[in-house]
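Student: Here is my input, please return the structure:
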Amino acid sequence: MNSWKYADKMKYLNPIDDEFFKKMAEDKNFCQEVLRIVMEDPGLIVQELIPQNSVKNLQGRSVVLDSFCKTSDNQHCNIEVQKENDDDHIRRVRYNGSCITVNITNTGSKFKQVPDVCVIFISRSDIFKGNHPLYHVDSVIRETGEIINDGWKRVFLNTKVKDGSDVSRLMTIFTEDDAYDDQRFPYTSARKRLFKKTPKGENEMSDIVREIVEIECAKAAEEAAQKATEEATKKTSIKNIKLLIKNGVPLSTIVTTFSYIFSESDIQKIYSECESNTIS
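Tutor: Model prediction:
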């Protein structure tokens, strides 16, 4: 890939982007730093790191986890990032957590031996709209308000809300192009700088950037083809509508027939144009 193309693309890539985060998450110190901030535990130790780990559900469907860690206190933590707000992310977290639990629990284990699982989900939008950068979702007894320990933690972060907290400042590095020098987060800063500012990082990221560009080009081509098809369909439909009007087909019938592509007001306009042309 030409260096200018790489630089142009990398300028706008950040840890909030899935492919960029996956490269960041290959480093244990980075994952440990993120977990320490999110879990508010400066002594937390990542004992094992499995980047881009694949787990399966009972039907064999695979889920690729962005980052999967095991801590020294035997918590299994999955860190996920999602820039787009195009799905039910709360259920996504539930699904991923279930798949992880099934995959890491030994067959024949007693339920008290089911491992603790924590899914940390980082998004661009504030999906709970509570104006907080961090949300802990607990299992609560509704009648008493008591939080129960079922070994299942869900933590949602977003990059939208800025409140000056450590979490909020960390999220700044995840989203802002030129933010990679915050000494409060040395490993996150250094890891981001590596990929955005050094030849070694360019080397490691070149194939990924090329893949991103190819995916974007393919998506753009698909959208262009779809738009062209829609335009052609509209033109053909307009001709057919005019022919039906000319043959005296009731307007209500035409509206029902072509409601999948035109609104009633659009068809009314075509009808009025045909009447005007007939009169003139």
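Student: Could you pull out the strands in this structure for me?
Tutor: All strands of the chain, identified by DSSP state E, fall at 46-56, 62-71, 75-82, 116-123, 134-137, 152-158.
Student: Reformat those strands as a markdown table; add mean pLDDT.
Tutor: Formatted as a markdown table, these follow (pLDDT from 0 to 100):
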| stretch | mean pLDDT |
| --- | --- |
| strand 46-56 | 75 |
| strand 62-71 | 82 |
| strand 75-82 | 93 |
| strand 116-123 | 95 |
| strand 134-137 | 96 |
| strand 152-158 | 96 |
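Student: Distance to residue 274 added to those strands, as CSV?
Tutor: In short, each C-beta sits where N, CA and C put it, glycine included. Shown next, in CSV, are the strands of the chain (distance: least, CB to CB, whole Å):
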stretch, distance to residue 274
strand 46-56, 59
strand 62-71, 55
strand 75-82, 49
strand 116-123, 50
strand 134-137, 57
strand 152-158, 52
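Student: quick one: residue 251 from residue 258, how far?
Tutor: According to CB to CB, to the nearest Å, residue 251 and residue 258 sit 11 Å apart.
Student: so what sits against both of those two?
Tutor: Common neighbours of residue 251 and residue 258 (criterion: CB atoms under 8 Å, 6 or more residues apart in numbering): residue 267.
Student: Of the two, which one has the most company?
Tutor: More crowded of residue 251 and residue 258, by other CB atoms under 10 Å: residue 258, with 20 against 15.
Student: all helices of the protein, in order?
Tutor: For the chain, the helices defined by DSSP state H cover 3-10, 18-24, 28-38, 89-104, 166-175, 186-197, 199-246, 251-257, 264-279.
Student: Relative to residue 124, which of the ones you listed is closest?
Tutor: helix 166-175 (7.2 Å; CB to CB).
Student: Indicate which one of the strands of the chain is closest to residue 218.
Tutor: Taking CB to CB, strand 62-71 is the member of the strands of the chain nearest to residue 218, at 20.0 Å.
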